[in-house]
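Engineer: Make a model of this:
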Amino acid sequence: MSGTEQSGTILFHSPGSHESWPRELQKALPSYNVHTSFAEVDPDDVVAAVVWNPPSGMLTSMRNLRLIQVMGAGVESLLSDQLPLGVPVARLVDPGLTVRMSEYVLMHCLSLHRQVPDLQRAQRAHDWTYIAPAPPSETCVGILGVGVLGSSCARILSSAGFSVVGWSRSKKTDPGFPCYSGRHELEEFKRRADIIVILLPLTDETENLVDDDFFAGVKRGAALINVGRGKHVVEDALINALDTGVLRHAVLDVFRTEPLPKYHSFWDHPKITVTPHNSSATHPATALEQVVENIKLAAAGLPPKNQVDLERGY
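Structural biologist: Got it, this is the predicted structure:
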């Protein structure tokens, strides 16, 4: 890589990110100017945009942009916008984000396995309901999406004693646990899973995947955890599955509209746990090095790490 000093403006726009991100970027790249307000920069000066859910059309005016660095693993909202031609898009593969996601999934799988939602309902009714504990090996967790996050979750769940199966759109080579692939094997995956965890990327193929037809094939009394994207799940189909007993509970961390509107029925549904998209997050301590390296690679005219295939959508 060239040792020539690089400069220009880095625009950081990532609502909800750790507040130290801009400061740490500036310390790591002192020859650049890091800004957090689009209104305060000349678009022609911006050479790198480090973003999460930027306003529609914001990036198209940046004629000298060399890199769009997404502050997370999902890029679908960005790809639905108009992007500058030829500018590489990189997603973030953050080991800290992966650990936090695995913790969240393990926490809620244990809660569902030990039937904590039922115990909470019994407490509110002042009902002494004894639910005998069972070993985790009696619960099969099915993971929809066996990428970096899904594979990490599978490992931590297996180490806790759960039985784990996976499903991906294309066949995985030796993932270390039983893994189904393709639409033709999705039904067998659903028949085995007591808890289904959604960790798929959002593409045209996976949007609205979890619909009435999907629920028709799940094991009756199964539970659902969605930490993928809100648009994976058809909301009316989910409510119907819960109300008819097809599902016993759903844990939702992602939604079609975020923040979840105050009037939304999910808030008060007795079989839904809502969390505010906080299953995981990027942090400078574990992700800064990757972002800085990608900016340097882009300045040198080299492809960034974890570059997004714009046609595949991930």
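Engineer: switch to C-alpha atoms for all contacts and neighbour counts from now on
Structural biologist: Will do.
Engineer: Burial check on the closest residue to C140 other than its chain neighbours, number of neighbours?
Structural biologist: Once flanking residues are discounted, C140 sits nearest to S163: 4.5 Å by C-alpha to C-alpha, 6 or more residues apart in numbering. For S163, the number of neighbouring residues by other C-alpha atoms under 10 Å comes to 21.
Engineer: Contact partners for S163?
Structural biologist: S163 sits next to 136-141, 157 when contact means C-alpha atoms under 8 Å, 6 or more residues apart in numbering.
Engineer: Buried ones among the residues you listed?
Structural biologist: The neighbour-count test (16 or more other C-alpha atoms under 10 Å) marks 136, 139-141, 157 as buried among the contacts of S163.
Engineer: Looking at these, which is nearest H269?
Structural biologist: In terms of C-alpha to C-alpha, no member of those lies closer to H269 than V141, at 23.4 Å.
Engineer: where does this structure dip in pLDDT?
Structural biologist: 1-5 (pLDDT under 70).
Engineer: how about the helices of it, start to end?
Structural biologist: Using DSSP state H, the helices of the chain run over 21-28, 76-79, 95-113, 116-124, 148-159, 186-192, 212-216, 235-243, 284-299.
Engineer: Which one of those helices lies nearest to G86?
Structural biologist: Going by C-alpha to C-alpha, the one of those nearest G86 is helix 284-299, 12.0 Å.
Engineer: Please identify the buried residues of the closest one?
Structural biologist: 284, 287-288, 290-292, 294-299.
Engineer: Only alpha carbons, please: show stretch 79-98 as CSV.
Structural biologist: What follows is stretch 79-98, C-alpha atoms only, in CSV (Å, rounded to 0.1, in the frame of the first residue of the first chain):
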residue,chain,number,x,y,z
LEU,A,79,-29.0,-0.8,-1.5
SER,A,80,-32.6,0.3,-2.0
ASP,A,81,-31.3,3.8,-2.4
GLN,A,82,-29.5,5.3,-5.4
LEU,A,83,-25.8,4.9,-5.0
PRO,A,84,-22.8,6.6,-6.8
LEU,A,85,-21.7,4.3,-9.7
GLY,A,86,-18.5,2.4,-9.1
VAL,A,87,-18.1,3.2,-5.4
PRO,A,88,-17.4,0.0,-3.4
VAL,A,89,-19.7,-0.8,-0.5
ALA,A,90,-18.3,-2.7,2.5
ARG,A,91,-20.2,-4.2,5.4
LEU,A,92,-18.8,-4.5,8.8
VAL,A,93,-17.9,-7.9,10.2
ASP,A,94,-17.2,-7.0,13.8
PRO,A,95,-16.1,-9.7,16.3
GLY,A,96,-17.6,-7.7,19.1
LEU,A,97,-20.9,-7.5,17.3
THR,A,98,-20.8,-11.2,16.7
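Engineer: For that stretch, buried residues please.
Structural biologist: 81, 83-84, 87-98.
Engineer: Of those, which belong to strands?
Structural biologist: Residues of the buried residues of stretch 79-98 located in strands (DSSP state E): 89-90.
Engineer: and which of the buried residues of stretch 79-98 is nearest to V234?
Structural biologist: D81 (22.7 Å).
Engineer: Which parts of this protein belong to which domain?
Structural biologist: Per the record, the chain has its domains at 8-94+282-299, 95-274, by automatic domain parsing.
Engineer: and those domains as CSV, adding distance to D309?
Structural biologist: Formatted as CSV, the domains of the chain follow (distance: least, C-alpha to C-alpha, whole Å):
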stretch, distance to D309
domain 8-94+282-299, 8
domain 95-274, 12
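Engineer: what's I156 in contact with, if anything?
Structural biologist: By C-alpha under 8 Å, 6+ apart, I156 lies in contact with 102, 106.
Engineer: quick revisit: among the contacts of S163, give me the pair with the biggest separation.
Structural biologist: Farthest apart among these by C-alpha to C-alpha are E138 and L157. That separation is 12.6 Å.
Engineer: what residue lies at the spatial centre of this protein?
Structural biologist: G228 (4.5 Å; C-alpha atoms, centre = their mean).
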